[in-house]
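> Quick one, what's the 3D model for this:
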Amino acid sequence: MSQPIYEIPVTPPQRPQSRDDPDADQATAVLPEAPLPWYLQDPADSPPTEPVVFKSIYDQPTNTVPVYPTHAEPARTVADIDIIPDSARPDLTRSALDPSSNEVLRPRVDVPAGTSRPRRAQRFEDVVEADQDILNALQEVLDLDGSDLHVTVGAPPNIRVNGSLRPLDNTNRWMREKVQSALYSLLTPTQREEFERELELDFAYTTSGARFRVNYYQQRNSIGGAFRLIPREIKQLKDLGVPESVGRFAAMARGLVLVTGPTGSGKSTTLAALVDQVNRTRADHIVTVEDPIEFLHRHQKSLVNQREVGGDTHSFAAALKHVLRQDPDVILIGELRDLETISVALTAAETGHLVFATLHTQSAAQTIDRIIDVYPPHQQSQVRSQLAATLQGVVCQTLVKRVDGGRVVATEVLFATPAIANLIREGKTYQISSAMQAGREQGMHSLDQHLADLVNSGLISRRSAEEKAQDPASLAQLIRRVELDPSGGVSAGKSTGDTDFGDAYSPGAY
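Purely as a prediction, here's the structure:
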């Protein structure tokens, strides 16, 4: 028999008083969150359709249980440990195999010949034991239907619920030592080295019940952390409350589609829904470049390859430099951060690919100006022409508090009609808002139009709409106009159901 993969410490065995005890037959243990050894993570060494398990044989008095591979489940390693009654008393076995333990000893198996370690594979040295208080705080985010967790020195952990922060109940202030130990407990040594070098760190963290997008930062010479809950399920566009017209972007063969909005507005969720629609309806090759990967897409009708900055590639620019050689049909860029990334995105769209990307802008006109302004003045005329020829549309969105609790999405949708393309080419982006208001038949509308519709439908208050409006005076006119002529409002998907829009909100929220 081969050497065991792991050894699990147990209490020295003793012979039980009776062999009739049914609990003495066997015990099952789970190694919480323990990753597979890196050589079992390599698809070339571990057939994707054949599970690999950990089975143990315990047939002699010893202080460890040898564990042998038999199968694996995603995100954790399972060990089925059969205990021979002659070798261990049941109560000692149950105590020794407490599932709350995260301790895993160094692997004893030699690396299979010819196997190379994948760059992102987690080494044994990267297995860490998370601080229980930070795990409890993350669990509270789930229990309270929150969206974010903030951890910083001098305050208790704060959770964002329905857009507002609230301190964790019955929790004292966390001081410097507590914050550092709690946040560092989630990091591998490699991640810790990167944070201490760069003073910034983005990564994804998965617990047994949820997945979080995490940012660590330095403030006043101490560490802080922000955790954003990522929904496990990818919602369809019709379930998110976004206008039905947005789904047309997923059917386009080529061009640039931008999803924009402030931080926490659900951009990633809308983008994931668009990619999912492509995945379900088209036989294409989809390549995503993200930092970090948030939503996990399975291969459906399309083939999906997701690359994470820092793990699978060094930067957005590095990944996009080679993406056109990977035969993609659809490309998702997590964020257009600089001139080089924007240039590659425009080139990809210009050469016959459908490109989805995000920006932190709050209107369609501002989005177009932002892209053009990245370039030096002598190139801006050429970029206007290139953007006019490649842009397919822009979806700007924000989340607005509902009158009955939770939040609802409000959007601005631009389709690049010939008239819009001409405004871009001529540098008349200030006229785009008026063109959108007049383009409802083409599926377009401004943010203020959608806010007016939401006020008229009773979903949001007028005050909440005014807080998000681009032009409060124009909003007031639109609300009066809608009251006089309620027809022709924005057509959205289900806008009153229970939906998780990018974060977890209270029931009925988006």
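
> didn't Y184 look like it was pressed against E196?
No. The pair Y184 / E196 is not scored as a contact, 9.8 Å apart, by CB atoms under 8 Å. C-betas here are computed from N, CA, C, even on glycine.

> pLDDT below threshold where in the chain?
Of all residues in the chain, those with pLDDT under 70 make up the ranges 1-129, 481-510.

> domains for it, by residue range?
The record's domain parsing of the chain by automatic domain parsing lists 6-121, 132-230, 237-446.

> how long is the last one end to end?
Going back to what we said before, that points to domain 237-446. In domain 237-446, first residue to last residue: 19 Å (CA to CA, to the nearest Å).

> Equivalent analysis for the shortest one, please.
One end of domain 132-230 sits 21 Å from the other (CA to CA).

> how near is R280 to H297?
For R280, the distance to H297 equals 10 Å [CB to CB, to the nearest Å].

> what does S464 give?
Going from S464 to H297 by CB to CB gives 34 Å.

> most tightly surrounded among the domains of the chain?
Highest mean neighbour count among these (mean count of other CB atoms under 10 Å): domain 237-446, with a mean of 20.

> hmm, back to that, okay if I get the domains of the chain as CSV plus distance to A469?
Formatted as CSV, the domains of the chain follow (distance: least, CB to CB, whole Å):
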stretch, distance to A469
domain 6-121, 43
domain 132-230, 17
domain 237-446, 9
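
> do you know which of those domains lies nearest G458?
With CB to CB as the measure, domain 237-446 is the member of the domains of the chain nearest G458 (6.9 Å).

> State which strand of the chain is the longest.
In the chain, taking DSSP state E as the definition, the longest strand is strand 391-401.

> The next helix or strand after that one packs against which elements?
As assigned by DSSP states H and E, the chain's next helix or strand after strand 391-401 is strand 407-415. Packing partners of strand 407-415 (3 or more CB pairs under 8 Å, 6 or more residues apart in numbering; DSSP states H and E): strand 391-401, helix 432-437, helix 447-456.

> re earlier: for the domains of the chain, which one sits closest to D453?
Closest approach to D453 among those is made by domain 237-446 (8.3 Å; CB to CB).

> can you list contacts of the helix or strand in which A365 is found?
Assigned by DSSP H and E, A365 falls within helix 364-373. For helix 364-373, contacts defined as CB atoms under 8 Å, 6 or more residues apart in numbering pick out 258, 260, 336, 342, 359, 361, 380, 383-384, 387, 391, 394, 396, 412, 414, 424, 429-430, 432-433, 436.

> how about a cut-off of 6 Å?
Helix 364-373 is touched from outside by 258, 260, 342, 359, 361, 380, 383, 394, 396, 412, 414, 424, 429, 432, with contacts defined as CB atoms under 6 Å, 6 or more residues apart in numbering.

> can you put the helices and strands packed on strand 407-415 in JSON lines and add distance to L332?
Shown next, in JSON lines, are those (distance: least, CB to CB, whole Å):
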{"stretch": "strand 391-401", "distance to L332": "14"}
{"stretch": "helix 432-437", "distance to L332": "25"}
{"stretch": "helix 447-456", "distance to L332": "24"}
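
> So which of these is nearest S268?
Each of those was scored for nearness to S268 using CB to CB, and the closest is strand 391-401 (11.1 Å).

> other SSEs contacting the closest one?
With contacts defined as 3 or more CB pairs under 6 Å, 6 or more residues apart in numbering; DSSP states H and E, strand 391-401 has these neighbours: strand 255-260, helix 364-373, strand 407-415, helix 462-468.

> and the angle for it with strand 255-260?
If you take axes from the mean of the first three to the mean of the last three CA atoms, to 10 degrees, strand 391-401 sits at 20 degrees to strand 255-260.
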